[in-house]
Each structure stands twice: as C-alpha cells, then as structure tokens.
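Enquirer: dropping the sequence and predicted coords here.
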Amino acid sequence: MTPWRWPSDADALVALQTRLGREAAARRAEPWSWADGARVGACFLAYAPGEAGPGGPGDRAWAAAVVVAGGLGPRLAEHVVAGAVGAAYHPGLLALREGPLLAEAVRGLPVRPDVVMVDATGADHPRRAGLAVHLGAALDVPSVGVTHRTLVARGAPPGPARGDTAPLVADGEVVAAWVRTRAGAHPVAAHAGWRTDVATAVAVVLASSDGRARTPGPLREARRLARTARAAGVPLG
C-alpha cells in the first residue's frame, strides 16, 4: 500500500500532509522536466446537481481522466468513474472529498500519463501538500495543479500577453505562478505538485494551452467528459 494513501478523517489527513509536504519539497531538488511529446493526463470531478459547494459525505460525483499527446495532440485514452465522495469540502482538506475518486479515474486509464494535471493547488497550501501534490504521490506520477484562484499564496498579476507569468508567494516561498494562457483573459495559477517545480508547472500549462481558451486543453476535455457522464446518468460504482 502506498504510504500516501487517502485518510478517512481530517486529523489523519493533516498529519499525512505535514509529512507529504516535506517529502514533496525534497523531491523538487531533482524535478521531473517537461519534454515535447510528453503524455499529459488530466482529471476532473463533476457533482450531481445541488451537491457542489461545501456539500457533504456521500455526495454523488462523476470523475473523468484523459491522456493527451503533447498536451495539445490527439487524445490517447479516457476513463470515467462514478461514485460518492468521502467528505464535505473544507479549505486545505480537498483530498478527503475528491482524492480517491479522482485517483480511481486516473488509474483506470489504459495509457499511463507522464504528468497529470488536476483542478487543485499543490504547494500553495498551509502544509505545502494540496490535492495536486497528494494525487501525484498516491499515483506515483508527476503532477501539476491548475486553478483559477489561490489558497494561501499571493502575487501581482502577470503582463497581458499570452505566456506572461508572475510568481505566487506563500511565507516567502514561490509556490506557484500566475500564467496568462490567453491574451487579455484572466490568468490561471500553475501549481508545483509532486516531482514538479513551479517552472515545470508553467511549462506544462503553456504546452497544453492553445491560446484560444483560458483552461488547458486536457483539463477542459476531462471536465467535458465528467459532465457528459453526469448528464448521461452513468451509474454510481
């Protein structure tokens, strides 16, 4: 069993995150690095109508995962699962609610990604172990978080051109970066995750963005698949 399993209560998760944050920081000394043609995975979870927001344990959800060649190339694989989440949402404890179901979706992919992105923070976290870090560790896959807002980090916005970036800092440490994926649009936050640093997170996000949409392509595709499964009423596992 992986040492980075999914705890079932908040106290156990906080204790695990404290260890996981230290281990993730040590592994960034020799991070995985982006290379053209890498297989980019992404996963996303869609809730049943009325069960988004804080919610509670047992809320119904559909999780989808995809793998895309090079970030913008053809889709190589997809997998969808449906089930119940384990907890309500609390800031810093997203892994309790979404972690196991997202991990199940990624593990079901017939093609293993070289890196996986998720709608969650990574080192931008009180214990430097947001869901993007935890998911990568549990799957033993380099990971990157992509969000539209930060958790604890702060920083000025980037310049207006596509590809402009600006650091996001927590307690004096750069833990993520704002990235302008489309000129004139609000930036997204690229988060260092498991075996990735901020520069790698930025590289993955830009390589997976076509300049027309704000959200990277693989994450958009995973979101679409999860919502399609929800609309189709794919039964809960």
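Expert: In hand now; what should we look at?
Enquirer: show me what L45 is bridged to.
Expert: A63 (DSSP bridges).
Enquirer: thought R60 was touching it, still the case?
Expert: No - using C-beta atoms under 8 Å, L45 is not in contact with R60, being 10.7 Å away. For every residue, glycine as well, the C-beta is placed using N, CA and C.
Enquirer: of the two, who's got more company?
Expert: Counted by other C-beta atoms under 10 Å, L45 and R60 do not tie: L45 has more neighbours, with 25 against 17.
Enquirer: ok, which stretches of the protein are helices?
Expert: For the chain, applying DSSP state H gives helices covering 10-27, 94-107, 131-139, 198-207, 217-232.
Enquirer: next one: the last one to chain centre, how far?
Expert: It refers to helix 217-232. 15 Å (C-alpha atoms, centre = their mean, to the nearest Å).
Enquirer: quick check: angle from it to helix 94-107?
Expert: Helix 217-232 and helix 94-107 are oriented at 90 degrees to each other (axes from the mean of the first three to the mean of the last three C-alpha atoms, to 10 degrees).
Enquirer: so who does G83 touch?
Expert: By C-beta atoms under 8 Å, 6 or more residues apart in numbering, G83 lies in contact with R60, A61, A63, L101, E104, L236, G237.
Enquirer: need the pLDDT of it.
Expert: For G83, the model assigns a pLDDT of 94.
Enquirer: so it bridges to which residues?
Expert: So, taking DSSP bridges as the rule, G83 has A61 as bridge partners.
Enquirer: not counting its neighbours along the chain, what's nearest G70?
Expert: G37 (5.0 Å; C-beta to C-beta, 6 or more residues apart in numbering).
Enquirer: in contact with the one you found, which residues?
Expert: Applying C-beta under 8 Å, 6+ apart, we find G37 in contact with A69, G70, G73.
Enquirer: quick check, nearest of those to V198?
Expert: G70 (21.1 Å; C-beta to C-beta).
Enquirer: burial count for the closest one?
Expert: 14.
Enquirer: quick check: it vs W178, distance?
Expert: In this structure, G70 and W178 are 24 Å apart, going by C-beta to C-beta, to the nearest Å.
Enquirer: before we move on, what about A29?
Expert: With C-beta to C-beta as the criterion, A29 and W178 are 24 Å apart.
Enquirer: ditto for V67
Expert: 26 Å.
Enquirer: between these two, which is the more surrounded one?
Expert: The neighbour comparison of V67 against W178 (other C-beta under 10 Å) goes to V67, with 25 against 22.
Enquirer: go ahead and confirm the more buried one touches G41.
Expert: Yes - using C-beta under 8 Å, V67 and G41 qualify as a contacting pair, with a distance of 4.9 Å.
Enquirer: shared neighbours of these two, anything?
Expert: Joint contacts of V67 and G41 (C-beta under 8 Å, 6+ apart) are L109, P113, P218.
Enquirer: mind putting those into TSV with pLDDT, distance to R195 and neighbour count?
Expert: Shown next, in TSV, are the shared contacts of V67 and G41 (pLDDT from 0 to 100; distance: C-beta to C-beta, whole Å; neighbours: other C-beta atoms under 10 Å):
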residue	pLDDT	distance to R195	neighbour count
L109	98	18	19
P113	98	13	25
P218	98	18	29
